[in-house]
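A.B. asks: my questions concern the predicted model and sequence given below.
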Amino acid sequence: MSVYGNLQKIKNGKRTYAITPHIPGGFILPDNLIKIGEVAKKYKGVLKITSGQRILITNLKQEDLPAIWDELGMEPAVKVQNSLKNVEMCPSNYCKRSKYPTIGIGMKISRKFHGMELPCRTKIGVAGCKNACTSVYSKDIGVIADLDSTFYITAGGSAGYHPRSSDIVTKGLSEEEAFNLVKTILYHYKNTAKLGEKLGDFIDRISIDTFREEVLNIANLELKL
C-alpha cells in the first residue's frame, strides 16, 4: 500500500499525520469498525468522525503509515485531490420520512465514480426525501427523491470558501435516468470545465440555462421544473 496520509501538525519538530479510509456512504460493518479502533489504538491514533461520513485517524507517525494501511486492509478515501471525494448518503432505507430507498443509487454512484479525476474537488449528496439530509443543496451534485418517488438532480452547490446554493437541473426522473444524468454531469464537467474550476463556478460562467440545455441534451432528457 502506498503512503496515503496528510501532514496535520508540526510541534517541537515532531510531525504527525492523518489518514482517512474509504467508507462508502458512511455505512460500515461492525468488524471493520472494530478493526479501525484496534489499529488506531495500536499506533496511538486519535479518531475523528468527519462531516464527510468517514473516520479520520490522526496523530500518526509517517513511518507507520504503510503498516497501518496494510493492517486496515482498506482503500484511502482520497487518492487525488481534484476528484470525486465523497458520495454522502442519508439512511433513507431505515428512515420513516424517506420517499425512496436511495442507498442503492448512492452506492451505485460511489462504486462507479468515487475517485474519478475532475477539474476540482467534488462532492455528491444523495437523499431519500426533500429534507435533503447530508446538506445535499451545498453539494456539487445532489440526488433527491421527490414526494412521488421520482428524483430530481441539483448541481453547483458549495459550502466552501465561496458558499453557493445548488440549482435544480430537472425533476421527475426514474432511478435509471437520475443515475445517467449524474454520469452525464460528471463527464461534461470533466471534459469542459477549466482546471481548478468548481462545478458551481463553471455553471456561473456558462449560465445555468446553458448548463441545463447541454447536459439534458446529452442525457436525452426533458427539462421539468
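C.D. replies: Received it, and whenever you're ready, just let me know what you need. Residues are numbered from 1 along each chain as shown.

A.B. asks: could you tell me the end-to-end distance of stretch 6-22?
C.D. replies: 15 Å (C-alpha to C-alpha, to the nearest Å).

A.B. asks: residue ranges for the strands of this protein, please.
C.D. replies: Secondary structure of the chain (DSSP state E): strands at 6-11, 14-19, 46-49, 55-60, 84-89, 122-127, 141-145, 151-155, 167-173.

A.B. asks: can you add mean neighbour count and give the ones you listed back as a markdown table?
C.D. replies: Bear in mind the C-beta positions are built from the backbone N, C-alpha and C, glycine included. As requested, the strands of the chain are exported to a markdown table (neighbours: other C-beta atoms under 10 Å):
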| stretch | mean neighbour count |
| --- | --- |
| strand 6-11 | 10 |
| strand 14-19 | 17 |
| strand 46-49 | 12 |
| strand 55-60 | 20 |
| strand 84-89 | 26 |
| strand 122-127 | 27 |
| strand 141-145 | 27 |
| strand 151-155 | 24 |
| strand 167-173 | 20 |
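
A.B. asks: quick one, what contacts the residue nearest the centre of the chain?
C.D. replies: Computing the C-alpha centroid of the chain and ranking residues by C-alpha atoms, centre = their mean puts N86 first, at 1.8 Å. Going by C-beta atoms under 8 Å, 6 or more residues apart in numbering, N86 touches 52-54, 77, 123-124.

A.B. asks: any idea how far the residue nearest to I23 when sequence neighbours are not counted is from A18?
C.D. replies: When the adjacent residues along the chain are set aside, I23 lies closest to R54, with 5.1 Å between them (C-beta to C-beta, 6 or more residues apart in numbering). For R54, the distance to A18 equals 11 Å [C-beta to C-beta, to the nearest Å].

A.B. asks: how about K48?
C.D. replies: 8 Å.

A.B. asks: cool, and E214?
C.D. replies: For E214, the distance to A18 (C-beta to C-beta) stands at 39 Å.

A.B. asks: S174 now?
C.D. replies: In this view, S174 and A18 are 40 Å apart by C-beta to C-beta.

A.B. asks: and what of Y152?
C.D. replies: 36 Å.

A.B. asks: can you give me the helices for this structure?
C.D. replies: Using DSSP state H, the helices of the chain run over residues 30-42, 65-72, 103-113, 175-192, 199-206, 208-219.

A.B. asks: and G160, which of those helices is closest to it?
C.D. replies: Closest to G160 of the helices of the chain is helix 199-206 (C-beta to C-beta; 9.4 Å).
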